[in-house]
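Visitor: The amino acid sequence is not available; the structure is as follows:
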């Protein structure tokens, strides 16, 4: 895969800003506007602070750590490789190389990896990529501890993509042991086939898979492009960064104790604002707990609730914008966002945040850099 072409719509790597709204995507550095939990404040001593650890990565899209492996991160490169950063160094040999299977470029490619909760015993991992025809594949591999075994591939999910954008791409195991998959609305702009609110379609949905039986179910609907989402490792609550259309980027919250189907609103709503006059589908309507306008960016990158060793930062949820590189954090209290602040640094081409096995946080730039954010 070639390097990111930010000038070509500023919506590379599956984060899927609106292709028809490039003129709105100025990525300016304005402070938080209407709809944010509260006005930003000055950052005190307890702040996230980036420290670059490695550069020269090839269009990284995602990274993840594993409990029990505190000094190791698995870094996903868009062209189709997973590389290992361990004890301050990059391994020369890739952990997995599926470049021959992947179509990479724009919003396509190898988009994420998730390790089974019992990886130490069963050595199972899962990847989400777009194949040579641009369609979504979720595939299981087994590793020998040092690298994934190509011949062990077992496909769990295949979805034909009608357009090249809004592929979602995130994989995360939930507290219930199921593998969660973020699916965009199918692409183009404005969800022209009305898929996100249609329960007969898997597009615009939060899905979960039983990795033993391959059984798939819909956990949520009304998503435009949930590029990055995460479960709070302490509470099990879910936070989704859903990429907006012309106006609003949003963060959605669902408590672990949620009793049923959640509807995140698209494309009846964009953020809290009515987008299209049509009936809402089933489920409980969820309004965002935080949002920002396209005066501040164009494509939200969801993050993590910090649960690492720095007590002053614990419980803060961090997120940012791919186009402007601005990073925010909020304090979560009973599912509400408080104490919004804009951090005093930027991450250019912010494709993902990462959490290592010990709960420390990192930021990934599609330009090729991995930075640690916490002391």
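Guide: Yep, it's here. The shown structure was predicted, so the numbers you read here are calculated from the model rather than taken from an experiment.

Visitor: ok, which stretches of the chain are helices?
Guide: 119-122 (DSSP state H).

Visitor: in it, what spans have low per-residue confidence?
Guide: Within the chain, the stretches with pLDDT under 70 are 1-45.

Visitor: Quick check: closest non-adjacent residue to the residue most central in space within it.
Guide: The chain has residue 228 as the residue nearest its centroid, 1.2 Å off, counting by Cα atoms, centre = their mean. Of all residues not flanking residue 228 in the chain, residue 302 sits nearest, at 3.8 Å (Cβ to Cβ, 6 or more residues apart in numbering). Glycine gets a C-beta too; all of them are placed from N, C-alpha and C.

Visitor: got a list of what the one you found touches?
Guide: 226, 227, 228, 229, 230, 239, 240, 241, 251, 319, 353 (Cβ atoms under 8 Å, 6 or more residues apart in numbering).

Visitor: hmm, 7 Å instead?
Guide: 227, 228, 229, 230, 239, 240, 241, 251, 319 (Cβ atoms under 7 Å, 6 or more residues apart in numbering).

Visitor: mind checking how far the residue nearest to residue 269 when sequence neighbours are not counted is from residue 247?
Guide: Excluding its sequence neighbours, the residue lying closest to residue 269 (Cβ to Cβ, 6+ apart) is residue 275, at 5.7 Å. Distance of residue 275 to residue 247, computed by Cβ to Cβ, to the nearest Å: 9 Å.

Visitor: Comparing those two, which shows the higher neighbour count?
Guide: More crowded of residue 275 and residue 247, by other Cβ atoms under 10 Å: residue 275, with 20 against 16.

Visitor: Is the more buried one in contact with residue 248, as I believe?
Guide: No - using Cβ atoms under 7 Å, residue 275 makes no contact with residue 248, being 9.2 Å away.

Visitor: Would you confirm that residue 320 contacts residue 342?
Guide: No - contact between residue 320 and residue 342 fails when scored by Cβ under 7 Å: they sit 9.6 Å apart.

Visitor: Which one's more surrounded, these two?
Guide: residue 320 (30 against 23).

Visitor: so who does that one touch?
Guide: 301, 303, 326, 327, 328, 347, 350.

Visitor: do residue 174 as well
Guide: 180, 208, 231.

Visitor: In CSV, list those along with distance to residue 288 and neighbour count.
Guide: Shown next, in CSV, are the contacts of residue 174 (distance: Cβ to Cβ, whole Å; neighbours: other Cβ atoms under 10 Å):
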residue, distance to residue 288, neighbour count
180, 19, 22
208, 22, 21
231, 18, 20
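
Visitor: Among those residues, name the ones in strands.
Guide: Among these, the ones falling in strands (DSSP state E) are 180, 208, 231.

Visitor: Okay, and the beta partners of the first one?
Guide: Pointing back at residue 180 there. Per DSSP bridges, the residues bridged to residue 180 are residue 172, residue 208.

Visitor: The chain should start at 49 in everything you say after this.
Guide: Noted, 49 is the first residue going forward, which turns the last one into residue 228.

Visitor: What's the separation between it and residue 154?
Guide: Counting by Cβ to Cβ - residue 228 and residue 154 are separated by 24 Å.

Visitor: Same check on residue 414?
Guide: 12 Å.

Visitor: how many neighbours does residue 180 have?
Guide: 10.

Visitor: The closest residue to it other than its chain neighbours: how many residues sit nearby?
Guide: Leaving aside its sequence neighbours, residue 180 sits nearest to residue 151 (Cβ to Cβ, 6+ apart; 5.2 Å). Counted by other Cβ under 10 Å, the residues lying close to residue 151 total 19.
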